[in-house]
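# Provided below for reference: sequence and predicted model.
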Amino acid sequence: MNLARIKQRLTLYEKLMRLDKPIGTLLLLWPTLWALWIAAGGRPGWMTVWIFSLGTLLMRSAGCVMNDLADRNFDAHVKRTKDRPLAAALVSVKEALWLAAGLTLAAFGLVLAFNWLTIALSFAALALAATYPFTKRFLSVPQAYLGVAFGFGIPMAFAAVSNHLPALAWWLLLANVFWAIAYDTEYAMVDRDDDLKIGIKTAAITLGRFDVAGVMLCYAAMLAVLVMIGMRLHFGVYYYLGLGAAGLLMLYHYTLIRERRREGCFKAFMHNNWVGGVIFAGIAANYAWR
């Protein structure tokens, strides 16, 4: 295989793993970082942070490959996804399977640096990532399942830092579920017409004309859970300033999605990176200046 051919295959694998679209990795990473900072009292080991960050990238990449394997016959009929490598038959199923396996094994190798509880939870995380794509066939709100899958770094972070799973970990996971329903419904609003044609279920379809209200209600529920967590942990003003900034960003998202235009809904989805970021900034500042 010549150099040009190798470069072409690597470019296709990059697209298959969505390395050219880091928003998914960031939406996975922010809640993991929230959990690491809270579990470690604001002082997580930098090696732990590095391992979780790299593991997030690897598992998000593996999850994208698994998703495209499951959806390859659907993606070919959706305007936004018809050019994905598997949907366009530019990458074979065998290649994709090997790629997913390699990424998963690499992520598992990182987890071996931690305790047995974290290792056990990694199998649950893999099961969630592998089964999520199929939930769009039968769950009315598959975004809730996505929230658990995307937030499973939270209990893993608590396990890695403290070797146990306090109730706080599950409350934080619940906040992430509400957040995922909100941002992924915005994402689903972009593809609603195509999803109706091919028979995929999404919250945008299930909620119908109440989709915008549903998004804003989930944002509010997320913030309410995070306020409760802050009160329980006696967090200070910096944490609530972070939540306040997140709330203002969510109100901005309302202006983007209220008319249900594809461009606005997609922009709101992408902008959720800033929501996760300001919440993390509030958590980190709370511990730094406590």
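Structure received. Residues are numbered from 1 along each chain as shown.
# buried stuff in the helix or strand of the chain with the lowest mean pLDDT?
Ranking every helix and strand in the chain by mean pLDDT, DSSP states H and E puts helix 192-198 at the bottom, with a mean of 82. Buried residues in helix 192-198, counted by 16 or more other Cβ atoms under 10 Å: Arg192, Asp194, Asp195. For every residue, glycine as well, the C-beta is placed using N, CA and C.
# got JSON lines for the residues you listed, with distance to Phe108 too?
Output for the buried residues of helix 192-198, formatted as JSON lines (distance: Cβ to Cβ, whole Å):
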{"residue": "Arg192", "distance to Phe108": "36"}
{"residue": "Asp194", "distance to Phe108": "35"}
{"residue": "Asp195", "distance to Phe108": "33"}
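# residue ranges of the helices in the stretch 51-200 of the chain, please?
Using DSSP state H, counting those that start in this stretch, the helices found in the stretch 51-200 of the chain span residues 93-111, 116-135, 142-150, 153-162, 167-190, 192-198.
# Which neighbouring elements make contact with the fifth one?
If I follow you right, that is helix 167-190. helix 23-39, helix 142-150, helix 153-162, helix 203-207, helix 211-232, helix 237-257, helix 262-288 (3 or more Cβ pairs under 8 Å, 6 or more residues apart in numbering; DSSP states H and E).
# Likewise for the third one?
With contacts defined as 3+ Cβ pairs under 8 Å, 6+ apart, helix 142-150 has these neighbours: helix 23-39, helix 116-135, helix 167-190.
# Can you list the low-confidence ranges for this protein?
1 (pLDDT under 70).
# list the contacts for Ala285?
Tyr238, Tyr239, Leu241, Gly242 (Cβ atoms under 8 Å, 6 or more residues apart in numbering).
# Would you mind measuring from Gly236 to Tyr132?
Using Cβ to Cβ, to the nearest Å, Gly236 is found at 36 Å from Tyr132.
# Of these two, which one has the most company?
Ranked by neighbour count (other Cβ atoms under 10 Å), Gly236 and Tyr132 place Tyr132 first, with 20 against 15.
# Which residue, other than its chain neighbours, is closest to that one?
Ala149 (4.9 Å; Cβ to Cβ, 6 or more residues apart in numbering).
# Now for the one you found: which residues touch it?
Ala149 touches Gly63, Ala125, Leu128, Ala129, Tyr132, counting by Cβ under 8 Å, 6+ apart.
# Hmm, the last one is touching Gln143, no?
No - in terms of Cβ atoms under 8 Å, Tyr132 does not count as a neighbour of Gln143; the distance is 10.0 Å.
# Save the helices of the stretch 51-200 of the chain as a markdown table, and put in distance to Asn67 too.
Shown next, in a markdown table, are the helices of the stretch 51-200 of the chain (distance: least, Cβ to Cβ, whole Å):
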| stretch | distance to Asn67 |
| --- | --- |
| helix 93-111 | 10 |
| helix 116-135 | 5 |
| helix 142-150 | 10 |
| helix 153-162 | 18 |
| helix 167-190 | 12 |
| helix 192-198 | 14 |
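# Any idea which of those gets closest to Val49?
Val49 sits nearest to helix 153-162 of all these, at 9.7 Å, using Cβ to Cβ.
# how far away is the nearest residue to Leu126 once chain neighbours are set aside from Ala149?
Using Cβ to Cβ, 6+ apart and skipping residues adjacent in sequence, the residue nearest Leu126 is Thr104, 6.4 Å away. In this view, Thr104 and Ala149 are 14 Å apart by Cβ to Cβ.
# Then Leu117?
Distance of Leu117 to Ala149, computed by Cβ to Cβ: 19 Å.
# ok, now Leu12?
25 Å.
# thinking again about what came up before, contacting residues for the residue nearest to Leu126?
Leu58, Met59, Ala62, Leu126.
# Pull the most distant pair out of those residues.
Of all pairs drawn from these, the greatest distance, 11.3 Å, lies between Leu58 and Leu126 (Cβ to Cβ).
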